[in-house]
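1. Give me a model of this one.
(one chain, ligands or ions: 1)
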Amino acid sequence: MKIKSADFVMSNSSVASCPSDPIPEYAFIGRSNVGKSSLINMLTERKSLAKTSGRPGKTQLINHFRINDNWFLVDLPGYGYARVSKKDKKTFQKYITEYFLKRKQLISAFVLVDIRHDPQPIDLNFMEWLGENSIPFAIVFTKSDKLKPNAIERQVKAYLKTMTEGVWEEAPLHFVTSSLKSAGRDEILDYIGQINSD
Ligand code: GDP
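-> Reported below is the predicted structural model:
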């Protein structure tokens with residue numbers, strides 16, 4: 001898929017206020033600092049469409065971007081901030097939960113994990129919750145430029161093994177990316193384009 005246009009539409013904290021256009025939607029989510037903004041900018045080839053996090057925890061909103069006038073890319077707040085208060089965490093959890101359970105246009109989530117890290121309970125629990133609620137998702141391993149090819153393979157294998165030894169019968173769909181090198185860009189965009197043309 002070629003990106004012909006990528007426009008910011010709106011930010012909000014309630015699913016009821018999200019854009020009503022009945023076009024397919026893909027949501028990106030992950031722990032703070034995982035590289036989500038960089039990935040969104042890399043996918044859309046826009047330097048600062050998504051704000052890279054100078055201060056993690058600042059952008060606690062649902063951000064909609066309209067891509068090629070026919071799908072929405074959604075930048076969801078990062079989770080797992082140490083510095084966010086309990087009250088803010090609860091509010092955040094409530095509207096993110098509501099977003100995933102109620103957003104009819106949502107086709108798939110992309111759950112970002114840093115390829116260098118071993119599986120973290122917060123990510124595994126979140127994916128389990130998506131599974132329990134029949135919300136499709138793919139894993140996006142980020143920052144692959146930080147590892148050598150054999151280490152990339154080893155990390156991905158180990159991550160997926162943890163999942164299949166846990167609650168998952170099959171390893172989920174996954175992408176290996178580097179925003180620095182634009183790795184994984186064609187794969188993710190082709191995947192989105194393919195579902196959209198079905
Ligand atoms: P966010 O908080 O998930 O939106 O993360 P950011 O996109 O702001 O990235 C967090 C940090 O990781 C920044 O210092 C980025 O420069 C760095 N980063 C993000 N993606 C990559 C990548 O693909 N490779 C490398 N080497 N660094 C990255």
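2. contacts, neighbours, all on C-alpha from now
-> Will do.
3. Can you tell me which helix or strand of this structure has the lowest average pLDDT?
-> When the helices and strands of the chain are scored by mean pLDDT, DSSP states H and E, helix 86-102 comes last with a mean of 82.
4. ok, residues contacting it?
-> Under the contact criterion CA atoms under 8 Å, 6 or more residues apart in numbering, helix 86-102 has outside partners S13, S14, V15, Q60, L76, L106, N133, I135.
5. biggest separation within those residues, which pair?
-> Looking at the contacts of helix 86-102 by CA to CA, the two members farthest from one another are Q60 and N133, with 22.8 Å of separation.
6. and those two? which has more neighbours close in?
-> Neighbours were tallied for Q60 and for N133 using other CA atoms under 10 Å; the higher tally belongs to Q60 (20 against 11).
7. got a list of what M127 touches?
-> Under the criterion of CA under 8 Å, 6+ apart, the contact list for M127 reads V111, F137.
8. So it: helix, strand or coil?
-> Here M127 takes the helix state, with states given by DSSP: H, G, I helix; E, B strand; the rest coil.
9. gap between it and G30?
-> Counting by CA to CA, to the nearest Å, the gap from M127 to G30 is 10 Å.
10. Mutual contacts of those two, please.
-> V111.
11. Tell me the predicted confidence for the residue nearest the centre of the chain.
-> By CA atoms, centre = their mean, the mean C-alpha position of the chain lies nearest to F28, the distance being 2.2 Å. According to the prediction, F28 has pLDDT 97.
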